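Novice: below is the sequence, then the predicted model.
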Amino acid sequence: MNQDTTGRRWLDALWAFCTSVRLTVVLLLSLAVSSVFGTLIPQNLDPALYVRQFGLPLYRIFVVLDLVDMYHAGWFRFLLCLLAVNVVACSLDRLPGTLRILSGRTAVKEIGRRRPRRGEQTFSSALSVTDLCERFLPVVKKRFGAPTTTTTPQAMMLVAERGRWTRIGFYLVHLSIVLLLMGGLMGSLFGFDGSVQIPEGETAHMVRLSNGGMVDLGFAVRCDDFSVTFYAGGRPKEFRSRLTILENGQAVLSRDIVVNDPLRYRGVNIFQSSYGMLGPDRYYTGLQVTRDPGVWVVYLGFGFLIAGCYVTFFTSHQRLVVEIVPQASESLVRVSGSANKNRTGMQLRVQQMADALSASCRSRT
């Protein structure tokens, strides 16, 4: 029994840690500070350049802390994973209450108990509760939404809701954050950024990475031709490479590339980045070669972020309550409403609804 209690306490403590807002703040601040270091300290340069710019002692500290290749460092990936866990845990923690709201299982007595008094509009009518209910139903349905009618010992209530689905805006934003983090991690773990120099007429299938390693593309790239044009002052105007992709020695794709117009093949992006001379009338082309398998996950995350922000900031969940209370010689009508956003606008809607209901009492059927 004690072991079960201890285990439950550990689980509760772990869950409280994962859903903590303090953890979110600490992680975001840590990522912000580390990103500043990643911006101020050039990434993946030659060690001699770091020593020349910062000195040997600082360079050694940078290497120990993985600040020269920070975005591929294990501690940076750990921060991203922990933030993703924190976002998912916070979403799950709020899920039961959100599902209850989305399903519309809120008890009428709970609505009556929590019925907002601020902005409440009241008026009286000589009509009976049943007559008022028959007149109010089409008005509420037309101006707000189909209401649910419930009778309590004290009154008859008409409850209508609109925009219940907008509660998912919170989850769309959280989902977008998780997708952005996943996309970044996928690119960090499975992507690469390297370069290769290919003389005209020659082929290469290995790329040198920015951290000094090598990677095999799984196919070969041949530079069939290279050309460069110059401005009158001698500056290069355009340099162009005609490349051919080879699979098992067979050409499968050929096209020209220029700066900012890359060749893309099997998830690999080949950019024109530089060129040089190897001798009289012979050039080599300098190519930047990248692969980022998480880029479409990042794009999807931005899509959910835009949708989530729109739902969160420009839509709201509104509830209208019309309570008809029988009295000695008349009926008292109370109109109130609530909204999770734009409460001032909801109060104006309540006023307009009360005016419409009051007018329906005076109209003849």
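Specialist: That came through fine. Numbering: from 1, shown residues only.
Novice: quick one: the strands in the stretch 51-200 of the chain?
Specialist: 121-125, 148-151, 156-162, 192-199 (DSSP state E, counting those that start in this stretch).
Novice: deepest-packed of those, please.
Specialist: strand 156-162 (a mean of 20; mean count of other C-beta atoms under 10 Å). No exception for glycine: its C-beta is placed from N, CA and C like everyone else's.
Novice: so which elements touch that one?
Specialist: With contacts taken as 3 or more C-beta pairs under 8 Å, 6 or more residues apart in numbering; DSSP states H and E, strand 156-162 sits against helix 108-113, helix 129-143, strand 148-151, strand 318-326.
Novice: who does that strand pair up with?
Specialist: The pairing partners recorded for strand 156-162 under DSSP bridges are strand 148-151 (antiparallel), strand 318-326 (antiparallel).
Novice: quick revisit: hey, which of the helices and strands packed on strand 156-162 is tucked in deepest?
Specialist: Among the helices and strands packed on strand 156-162, ranked by average contacts under mean count of other C-beta under 10 Å, first place goes to strand 318-326 (a mean of 22).
Novice: relative to residue 189, which of the helices and strands packed on strand 156-162 is closest?
Specialist: Closest to residue 189 of these is strand 318-326 (C-beta to C-beta; 44.6 Å).
Novice: out of the helices and strands in this structure, which is least certain?
Specialist: Sorting the helices and strands of the chain by mean pLDDT, DSSP states H and E puts helix 108-113 at the bottom, at a mean of 52.
Novice: helices and strands around the longest helix anywhere in the chain, which ones?
Specialist: For the chain, the helix with the greatest residue count under DSSP state H is helix 74-103. Applying 3+ C-beta pairs under 8 Å, 6+ apart, one finds that helix 74-103 contacts helix 2-18, helix 21-40, helix 169-190.
Novice: make CSV from the helices and strands packed on strand 156-162 and add distance to residue 46 to it.
Specialist: Shown next, in CSV, are the helices and strands packed on strand 156-162 (distance: least, C-beta to C-beta, whole Å):
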stretch, distance to residue 46
helix 108-113, 67
helix 129-143, 71
strand 148-151, 71
strand 318-326, 61
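Novice: weakest of these by average pLDDT?
Specialist: Between the helices and strands packed on strand 156-162, the one with the least mean pLDDT is helix 108-113; it has a mean of 52.
Novice: where's the most far-flung residue of the chain relative to its centre, which helix or strand?
Specialist: No residue in the chain sits farther from the centre than residue 329, which is 57.7 Å out by C-alpha atoms, centre = their mean. Following DSSP states H and E, there is no helix or strand that holds residue 329.
Novice: can you tell me the closest non-neighbouring residue to it?
Specialist: Leaving aside its chain neighbours, residue 329 sits nearest to residue 126 (7.5 Å; criterion: C-beta to C-beta, 6 or more residues apart in numbering).
Novice: can you tell me how far that neighbour is from residue 350?
Specialist: Separation of residue 126 from residue 350 (C-beta to C-beta, to the nearest Å) stands at 23 Å.
Novice: same question, residue 362
Specialist: In terms of C-beta to C-beta, residue 362 sits 19 Å off from residue 350.
Novice: please say which of the two ends up with more neighbours.
Specialist: residue 350 (25 against 8; other C-beta atoms under 10 Å).
Novice: distance of that one from residue 173?
Specialist: For residue 350 relative to residue 173 (C-beta to C-beta), the value is 29 Å.
Novice: residue contacts, residue 151?
Specialist: Residues in contact with residue 151, defined by C-beta atoms under 8 Å, 6 or more residues apart in numbering, are residue 157.
Novice: how does it look with 7 Å?
Specialist: Taking C-beta atoms under 7 Å, 6 or more residues apart in numbering, we find residue 151 in contact with no residue.
Novice: hey, what's it bridged with?
Specialist: residue 156.
Novice: can you tell me how far it is from residue 322?
Specialist: Distance of residue 151 to residue 322, given as C-beta to C-beta: 13 Å.
Novice: then residue 45?
Specialist: 70 Å.
Novice: repeat that for residue 55.
Specialist: Residue 55 is 75 Å from residue 322, by C-beta to C-beta.
Novice: how many other residues sit next to the residue nearest to residue 329?
Specialist: 10.
Novice: can you verify my assumption that it contacts residue 328?
Specialist: No: Residue 126 sits out of contact with residue 328 when judged by C-beta atoms under 7 Å, with a separation of 11.6 Å.
Novice: residues contacting the residue nearest the centre of the chain?
Specialist: Taking C-alpha atoms, centre = their mean, the centroid of the chain lies closest to residue 176, which sits 2.1 Å from it. Neighbouring residues of residue 176 by C-beta under 7 Å, 6+ apart: 301, 304-305, 308.
Novice: make it 10 Å
Specialist: Residues in contact with residue 176 (C-beta atoms under 10 Å, 6 or more residues apart in numbering) are 87, 298, 300-309.
Novice: among those residues, which ones are buried?
Specialist: Listed as buried from the contacts of residue 176 are 87, 298, 300-301, 304-305, 307-308; burial here means 16 or more other C-beta atoms under 10 Å.
Novice: is it possible to get TSV of those that adds pLDDT?
Specialist: Output for the buried ones among the contacts of residue 176, formatted as TSV (pLDDT from 0 to 100):
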residue	pLDDT
87	95
298	95
300	97
301	96
304	96
305	96
307	96
308	95
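Novice: narrow these to those in helices?
Specialist: Reading helices off these with DSSP H, I get 87, 298, 300-301, 304-305, 307-308.
Novice: just the closest of those residues to residue 9, please.
Specialist: residue 87 (24.6 Å).
Novice: how close does the residue nearest to the centre of the chain sit to residue 99?
Specialist: 20 Å.
Novice: and for residue 139?
Specialist: Where residue 99 is concerned, residue 139 sits at a distance of 31 Å (C-beta to C-beta).
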